[in-house]
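S.K.: Dropping the sequence and predicted coords here.
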2 protein chains.
Amino acid sequence: MGVIERKEREKEEMRKSILDAARKLFLEHGYEKTSIRNIAEAIEYSPGTIYLYYKDKNEIIFALHNESFGVMMAYFQAIVSIEDPFERLVAMGRKYLDFAFENPELYELMFLMKSPIETLECRSEIWEHGHLATGMLKMIIADCIKEGYFKNTDIEAMCMIIWSSVHGLATLHVSKRTSMYPEDERAGRIWAGFEMMVKMMRNGL
Amino acid sequence: MGVIERKEREKEEMRKSILDAARKLFLEHGYEKTSIRNIAEAIEYSPGTIYLYYKDKNEIIFALHNESFGVMMAYFQAIVSIEDPFERLVAMGRKYLDFAFENPELYELMFLMKSPIETLECRSEIWEHGHLATGMLKMIIADCIKEGYFKNTDIEAMCMIIWSSVHGLATLHVSKRTSMYPEDERAGRIWAGFEMMVKMMRNGL
DNA sequence: TTAATTTATAAACAGTGTTCAGTAATTAAA
DNA sequence: TTTAATTACTGAACACTGTTTATAAATTAA
């Protein structure tokens, strides 16, 4: 009797439809203005039902957090074929910023919001996707060193500052701190900062 | 009759006492867990009274946002006497990170939270303090160029990437994205990243 | 002392995340 | 096929949130 298999499948479908509704509402109106009641209404169930599939709102946010790493990785797909490791590194930075610019809400979820991280901090599986992404970066840095770039540099420290730099640029944009500049200048200033970083990495190490 | 002067003074005192209570609760329990009712209770007034002195919660947050820039500037006070402009720049970065590490809630308020910026985006006075701080950074960069550092570099782009880099490091810490590393390693990794940046700036330009 | 004005309050509104007793639907057993 | 057991779902309730407003109290001016 494949009834438990079907039930399992139905349960998974329900979890997915909740997540689909949550993602849609979240991207449409932002996290703060999306409530459990909104999500419930969207899938035409009562609010209580959500809690039969997700422990709380944090678990929904965290599910989207994980998903988003997949989206980001898809951006990186295009750079793996680049031969020169330094050019690959630069291209990865560019793609990182592209992702942040084109998906500010997802970026916020992944790297800015405290709520899902704070509550799930104890569970080590939270960092699974994070380690995957930084692992990719470290590999490229290692390749750079092999090819003669970045002589005598600590990979961990290099990973830290490269990530931080693009993360800083992305964050200024996502949390609207570039609004101090006219709208038509904002993106340009970010990219000019990025190019300066590339220049420093090229000549400074 | 100095009654209107006294009333004005009393009004200002009330605004201050509200802000004091808000700051205390905010630093104690975080922004998200501090409500208007909490603040009202702390100063022993009814919730509605708060709204006679501040338009809404955002205006309270924004008042703290402005205050915090003063606190950060106090951190920078110690570096103005440093002769060599490059060393002054490095010291400023160090102080910036010190501030972020020692006042994570204030840092969040100033550079991460969207709520006060988003709603007050139209009013240009919001950026007053921001321009003051970046102005200071740009001055130091200009001094560096005068002294022979950073040849042929655009000050604006340089300002952008320097700020972004330390901001990125600070943000990873404040929004708990360094929790993927063991607690006793976190600060060290941030500082190692910073030193790498300094190294690149010293040699790369 | 009275009138006008300012200041503060309590209650209400519309919303939030979350829990839980009770009901409806489905599955298993007789 | 009927009954028992299990599962799925609901709607109301709880304790909150930011904010508004009619009402009442305190203060000032006449």
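M.R.: Now that the structure is in, tell me what you want to look at.
S.K.: and residue A:87, how many neighbours?
M.R.: 12 (other Cβ atoms under 10 Å in any protein chain shown). Where C-beta positions appear, they are placed from N, C-alpha and C, glycine not excepted.
S.K.: and residue A:148, helix, strand or coil?
M.R.: Secondary structure, DSSP: H, G, I helix; E, B strand; the rest coil: residue A:148 is coil.
S.K.: neighbours around it, how many?
M.R.: Residues near residue A:148, counting by other Cβ under 10 Å, number 9.
S.K.: do the same with residue A:32
M.R.: The number of residues packed near residue A:32 is 10, by other Cβ under 10 Å.
S.K.: Need the pLDDT of it.
M.R.: Here, the pLDDT recorded for residue A:32 equals 91.
S.K.: Repeat that for the one 10 residues further on.
M.R.: Residue A:42 carries a pLDDT score of 98 in this model.
S.K.: Tell me how many other residues crowd the spatially closest residue to it that is not a sequence neighbour.
M.R.: Nearest non-adjacent residue to residue A:42, counting by Cβ to Cβ, 6 or more residues apart in numbering or on different chains: residue A:21, 4.0 Å away. Residues lying near residue A:21 (other Cβ under 10 Å) number 21.
S.K.: quick one, phi psi at residue A:21?
M.R.: Main-chain torsions, residue A:21, degrees, to the nearest 10: phi -60, psi -40.
S.K.: what sits against it?
M.R.: Counting by Cβ atoms under 8 Å, 6 or more residues apart in numbering or on different chains, residue A:21 touches A:39, A:42-43.
S.K.: go on, residue A:142?
M.R.: residue A:155.
S.K.: in the lowest-mean-pLDDT helix or strand in chain A, what's buried?
M.R.: When each helix and strand of chain A is scored by mean pLDDT, DSSP states H and E, helix A:115-120 comes last, with a mean of 88. Under the neighbour-count criterion of 16 or more other Cβ atoms under 10 Å in any protein chain shown, helix A:115-120 has A:116-117, A:119-120 buried.
S.K.: State the pLDDT value of the residue of chain A found nearest chain B.
M.R.: Nearest residue of chain A to chain B (Cβ to the nearest Cβ) works out as residue A:204 at 2.3 Å. The confidence metric pLDDT takes the value 75 at residue A:204.
S.K.: Skip the chain neighbours and tell me the closest residue to it.
M.R.: residue B:204 (2.3 Å).
S.K.: residues near residue A:134, how many?
M.R.: There are 17 residues near residue A:134, going by other Cβ under 10 Å.
S.K.: rewinding a little: quick one: which of the contacts of residue A:21 is the most crowded by neighbours?
M.R.: Within those, neighbour counts (other Cβ under 10 Å) peak at residue A:39, which reaches 26 neighbours.
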